[in-house]
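*Asks:* no FASTA, just this:
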């Protein structure tokens, strides 16, 4: 106490000096983001931080509203031919890139072509596309080979087609885009970017927001902040302390076990901005026995108690759903629980029987457990315990995520470094739609690691994509899910939510699914 | 002396070459793939392979090594496979915070530990000695992160007189610079100060039992003159050795301290590069670090000659 009496006046004086020097008229938001920004090219990676960065500096042709309906964003109007084969888009007037150049149809066409070559939603659209052409400086035309029901949805999907200058988007596909010139509401200050530490953005004062109110990712994107500092602090305890003392304003991904503590802080707001949340999934290796037999994959359903998984992974009951049987996420337009019956209550005897029918005879079953992803590791521990109850000879192999990323790409038998099961998660609107749910794809060798393989399921997804009538689509989604619960490209083990936390002086945070920074103000 | 320095610097070349080969092989033969991390969790095998090819990781190991070593001899450490920023630039960006933290830590530790160690030796067996050595044992045993979190809790969260995290360059804001460095330097310096205090005490006790110290006392010299001019100077060689070794120890401690206090230094750069398998960055940092080690050792050897006239090169 005596020490504090001695030190306090000296250090407080120093603090005042520094604070005075640091005072600026600008509205500055200091946000600690969930990962370090390393890659600036949204067509180069599926990493979330790059997607979030792209929303700051780029704009999109369409964006989803809170009902997950695509709304025009850069597009002023569009027309669809009677045969649903030709879409013509016209840009809003006055759109400019950060370097002052106007946004033209040529920029849009180049950006869309790059997106169609790289990103899942674009690749799906590309399969139906006959041509993509510039009409004039502000209009371009998309011509289809046959009607496709997902054209506008694809363009507005958050794993989306960000519009870049043609000189960037037109680079060869083998080259990573290293520039950061967009037409979005914030401008990246490249000279202040310190990889591993911070990225600085300032408001794009030339940005022309739409007149509508901001809604989810659509509407007027008004940059109310003068300066946005994205900080990367790897230690969550440090970030928590910094939020408590007001050194930072916004904590993008607090660990879930901090949420109760954060909710009790008088100066902090905890908000779930993503009602879709995150789905946890168990991925079996469909190319290796026993999971190359659908009966063995079905056995996994009878081992799942989602509440038990969520208790281990999340803990706080307010942050997860007791049960979600929807492959395409609960709270989404494609939510249905058809076919999920076996997963409602564990039945070890049934699981054991199905494993036997699937050809399992006590061989070693390799589970990949990432040591540096606590949520995945917790879920894998629960799964291993359930498998052991069913008499499975579990071989849990722990490694860091980087090692597992390589290991899971191995198609070999386990004796040669292969594997049987791993855990991952996905979230946002992508997995809510069959063709863009990357772990749902069952195209055998062309599927993600695990190589789910089911022609019938693929045909049902294809039929759903082609269907133009929303009511008939709803019926088709149930057929898709029914088949998925037979074929099991993966097993959903629960759905949970990742709230954000911010100081009370921060206002206007949108429930936008993806954390975005337009509309945010600071008092 | 000059010839000796040149010889020692030239000797770093084969050392660095061995380090380069070992680091390259260790990294490339250990599991992990930066392409998979760049592509992201939801990427397809095809995406990962495309990135692998674009980074040149599909080429034979010998080809990759030849290209890297060829660039290295021209002073080019390559670029980060993630953000394409030059490794030199990344290291330079991170060098200042680490050097400042290390220098402040060393200054803090030496200023505290040497007088305290001398005092403990002078008062050997007394309660002062026991108290100093007790605190030293405690400081040496406590994990760095525990000390860090404890200081943050008390000084930043309870008293709110120092910042929790971050780094401000001295040129930008002198006061802010010191405010940001106080807690990290104490966190990191306590362990080292404890080690150095114990080392100083035991070396000083050996010297204080020498005949020439008894003679100095018998001549009627003041205790301070005996301690500083006669005892400390003769005990300095092992103390300087410990300080030199301590700098090596600091490199390990810096990683934790930089993480706890969110200081964007070399330690964090290294950890992030290792977890992400950013090969050029890891290789660059280790090469530079090994060069710095060699220089530190050279500096220590030269200091011996200054402290002890019997040592000549």
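*Replies:* Now that the structure is in, tell me what you want to look at. Every value quoted in this text rests on a predicted model; they were computed, and no experiment measured them. Numbers count the residues shown, from 1 in each chain, chains lettered A, B, ... in the order given.
*Asks:* could you pull out the helices for the stretch 101-250 of chain B?
*Replies:* Secondary structure of the stretch 101-250 of chain B (DSSP state H, counting those that start in this stretch): helices located at B:127-141, B:144-151, B:174-208, B:211-218, B:223-225, B:233-260.
*Asks:* reformat the ones you listed as CSV; add distance to chain A.
*Replies:* In this view, the C-beta of every residue, glycine as well, is placed from N, C-alpha and C. As requested, the helices of the stretch 101-250 of chain B are arranged in CSV below (distance: least, Cβ to the nearest Cβ, whole Å):
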stretch, distance to chain A
helix B:127-141, 15
helix B:144-151, 6
helix B:174-208, 5
helix B:211-218, 36
helix B:223-225, 27
helix B:233-260, 5
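*Asks:* most packed of those?
*Replies:* Comparing the helices of the stretch 101-250 of chain B by mean neighbour count (mean count of other Cβ atoms under 10 Å in any protein chain shown), helix B:174-208 ranks first with a mean of 22.
*Asks:* and the angle from it to helix B:211-218?
*Replies:* Relative orientation of helix B:174-208 versus helix B:211-218 (axes from the mean of the first three to the mean of the last three Cα atoms, to 10 degrees): 100 degrees.
*Asks:* which strands or helices does helix B:174-208 pack on?
*Replies:* helix A:2-22, helix B:87-122, helix B:127-141, helix B:144-151, helix B:233-260 (3 or more Cβ pairs under 8 Å, 6 or more residues apart in numbering or on different chains; DSSP states H and E).
*Asks:* following the last one, which helix or strand shows up next?
*Replies:* This means helix B:233-260. Going down the chain from helix B:233-260, the next helix or strand is helix B:266-276, by DSSP states H and E.
*Asks:* next, the buried residues of that next one.
*Replies:* For helix B:266-276, burial by neighbour count (16 or more other Cβ atoms under 10 Å in any protein chain shown) applies to B:266, B:267, B:268, B:269, B:270, B:271, B:272, B:273, B:274, B:276.
*Asks:* out of the residues you listed, which touch chain A?
*Replies:* Near chain A, judged by Cβ under 8 Å from any Cβ of the partner chain, the entries from those are B:268, B:269, B:271, B:272, B:276.
*Asks:* and residue A:504, how many residues sit next to it?
*Replies:* Neighbour count of residue A:504, defined by other Cβ atoms under 10 Å in any protein chain shown: 12.
*Asks:* ok, back up a step: can you say which of the helices and strands packed on helix B:174-208 is nearest to residue A:287?
*Replies:* helix B:87-122 (38.7 Å; Cβ to Cβ).
*Asks:* now do the closest one against helix B:266-276, angle only.
*Replies:* Using the same axes, to 10 degrees: helix B:87-122 against helix B:266-276 is 120 degrees.
*Asks:* thinking again about what came up before, adding mean pLDDT and distance to residue B:159, write the helices of the stretch 101-250 of chain B out as CSV.
*Replies:* Below are those laid out as CSV (pLDDT from 0 to 100; distance: least, Cβ to Cβ, whole Å):
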stretch, mean pLDDT, distance to residue B:159
helix B:127-141, 94, 21
helix B:144-151, 92, 11
helix B:174-208, 94, 11
helix B:211-218, 91, 45
helix B:223-225, 87, 37
helix B:233-260, 83, 18
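*Asks:* quick one: contacts for residue A:310?
*Replies:* Shown in contact with residue A:310 (Cβ atoms under 8 Å, 6 or more residues apart in numbering or on different chains): A:320, A:321, A:322, A:494, A:496.
*Asks:* show me which of the residues you listed are buried.
*Replies:* Buried among the contacts of residue A:310 (16+ other Cβ under 10 Å): A:320, A:321, A:494, A:496.
*Asks:* as a markdown table, those with secondary structure, pLDDT and distance to chain B would be great.
*Replies:* Compiled in a markdown table, the buried ones among the contacts of residue A:310 are given as follows (DSSP: H, G, I helix; E, B strand; the rest coil; pLDDT from 0 to 100; distance: Cβ to the nearest Cβ, whole Å):
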| residue | secondary structure | pLDDT | distance to chain B |
| --- | --- | --- | --- |
| A:320 | strand | 97 | 20 |
| A:321 | coil | 96 | 22 |
| A:494 | strand | 97 | 17 |
| A:496 | strand | 97 | 16 |
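*Asks:* what's the closest of the helices and strands packed on helix B:174-208 to residue A:165?
*Replies:* Smallest distance to residue A:165 across those (Cβ to Cβ): 24.9 Å, for helix B:87-122.
*Asks:* still on that earlier bit, CSV for the buried residues of helix B:266-276, including pLDDT and distance to residue B:71?
*Replies:* CSV is the format used below for those (pLDDT from 0 to 100; distance: Cβ to Cβ, whole Å):
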residue, pLDDT, distance to residue B:71
B:266, 93, 21
B:267, 92, 25
B:268, 93, 25
B:269, 94, 20
B:270, 92, 20
B:271, 90, 24
B:272, 91, 22
B:273, 93, 18
B:274, 90, 21
B:276, 89, 21
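*Asks:* which one of the residues you listed is nearest residue A:398?
*Replies:* Comparing the buried residues of helix B:266-276 against residue A:398 with Cβ to Cβ places residue B:274 closest, at 17.3 Å.
*Asks:* nearest residue to the closest one other than its sequence neighbours?
*Replies:* residue B:282 (5.9 Å; Cβ to Cβ, 6 or more residues apart in numbering or on different chains).
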